[in-house]
Each structure stands twice: as C-alpha cells, then as structure tokens.
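Colleague: Using only what follows, build the 3D model:
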Amino acid sequence: MFNKALLCTAFTVLSVFTWGNAFAAGDAAAGEAKSAVCAACHGPTGISSIPINPNIAGQVPGYIAAQLKAFKTGERVNPVMAGQAAILSDEDMADLDAFYAAQDAQTSTSMTDEDKALAEEGGKIYRGGYAKRGIAACMSCHGPSGHGIPKNYPRVSAQHKEYLEQQLLAYKKGERRGYNGIMADISFGLSELQIKQLSAYMAGLQ
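Modeller: Down below sits the predicted model:
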C-alpha cells in the first residue's frame, strides 16, 4: 500500500503532460446544450444543491469524461448514472467534460463548529499523510489546495463533505476502486473517523 501511494507523485507529473492525448477535446458550448438532464442532480452549472450528489463544476479536464465512460461500461457502479451514461457517445462525454471543466467551482458546504474541529485533524492527514499505515499525503495527488491534476486526480475542494465521505467509504468497503486502486488502498487504511475528518477538511478547501 505504501509504495502504491508514493507512486502517485510520479503519476501526477506524467499526467500533466499526457492527459490531453487521452481524450479528444470537447466542445463546451455543445456540452452546455447537452447538460440539461444533468442539471436535476448537479445544478445548471455543476453546483449541486443535494449534498450526496457531487459538485462537478471546475473539475479537472478529462475526469468527468472518464467517469462517464466508467459508468457506461459498469466499471463504476451507480444505477442512476449507468442509465444516464448508457446513451452518451464519446463525443457527448467529451463535450460535457469541456462544459463542466470550464465552470467556476464554488464552495457550497457550510462549516459547523464540529466540522471545523474535524477539519483541523483532517488537514494533518491531507498535508502530511498517515505514516502508521504508510499513507502518503493526499495533497501529493490532489494538490495543496485540492484542485486536482488532470485527468486521474480530481478536484476535491469545493465539494460536499457528505459526498466525499460517501465515496471514501465506498473505496474503503471495496465498492469502488478508482485509478490503479490507489484510493481503495488508501481508504482501507483509514478509520471511519479519519474519513470524516478528511471529508470536512477537503470540503473547506478553496
């Protein structure tokens, strides 16, 4: 687990130069026209009012297209998204990706005193990792401010803490694998409390 987590840094550097070759550039204007059905769950510009549905505005280029393809092939399991992705072509996915990547991310999670206390501990893991379980710092793949790096390391800032917690638990339980299994390995080594702490911290990143 430790070695795989550390490889993230090398993959991150490589991703900066190669993501553009993996996906054809989409048409943001066409993506906007195709996004009407997405708005019910993710909001008109990708800012969701439903905490368990992700904000997708400002996501790193290539990531949304990759996830839509994963839903379509069954690599990633979600009955609602599988149905939505089933009718999308590669061009549709690229267009939607381009549209949402061009939108401004927006922090939409209010922080209670409890959240702030959780976030203080979560920040230690995000910035420094968890040496006891050989877990590297989250920022080595997602960046110090959580903006992510195309295309395999998504933006985690400006996200609902509920959604982040839900996904980290899915990784921990083996319900989701993610890129190279890195997140599944990392989440398995975290306690549910640590996952809450990390989710609160990442949600508050600007």
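
Colleague: Show the pLDDT at Ala66.
Modeller: Confidence at Ala66, expressed as pLDDT, is 97.

Colleague: chain center to the host helix or strand of it, what's the gap?
Modeller: According to DSSP states H and E, Ala66 maps onto helix 63-73. Averaging C-alpha positions (Cα atoms, centre = their mean, to the nearest Å) puts helix 63-73 12 Å from its chain's average.

Colleague: Tell me the spacing between the residue nearest to Ala105 when sequence neighbours are not counted and Glu175.
Modeller: Excluding the flanking residues, the one nearest Ala105 by Cβ to Cβ, 6 or more residues apart in numbering is Gly58, at 3.0 Å. No exception for glycine: its C-beta is placed from N, CA and C like everyone else's. Using Cβ to Cβ, to the nearest Å, Gly58 is found at 26 Å from Glu175.

Colleague: Tell me if I'm right that Ala85 and Gly74 touch.
Modeller: No. Look at Ala85 against Gly74 with Cβ atoms under 8 Å: they stay out of range, at 9.8 Å.

Colleague: quick one, which of the two is more surrounded?
Modeller: Per other Cβ atoms under 10 Å, whichever of Ala85 and Gly74 has more neighbours is Ala85, with 20 against 9.

Colleague: Next, the buried residues of the helix or strand that one falls within.
Modeller: According to DSSP H and E, Ala85 maps onto helix 79-86. Judged by neighbour count (16 or more other Cβ atoms under 10 Å), helix 79-86 contains these buried residues: Met81, Gln84, Ala85.

Colleague: what's the answer for stretch 81-100, then?
Modeller: Of the residues in stretch 81-100, 81, 84-85, 88, 92-100 count as buried by neighbour count, 16+ other Cβ under 10 Å.
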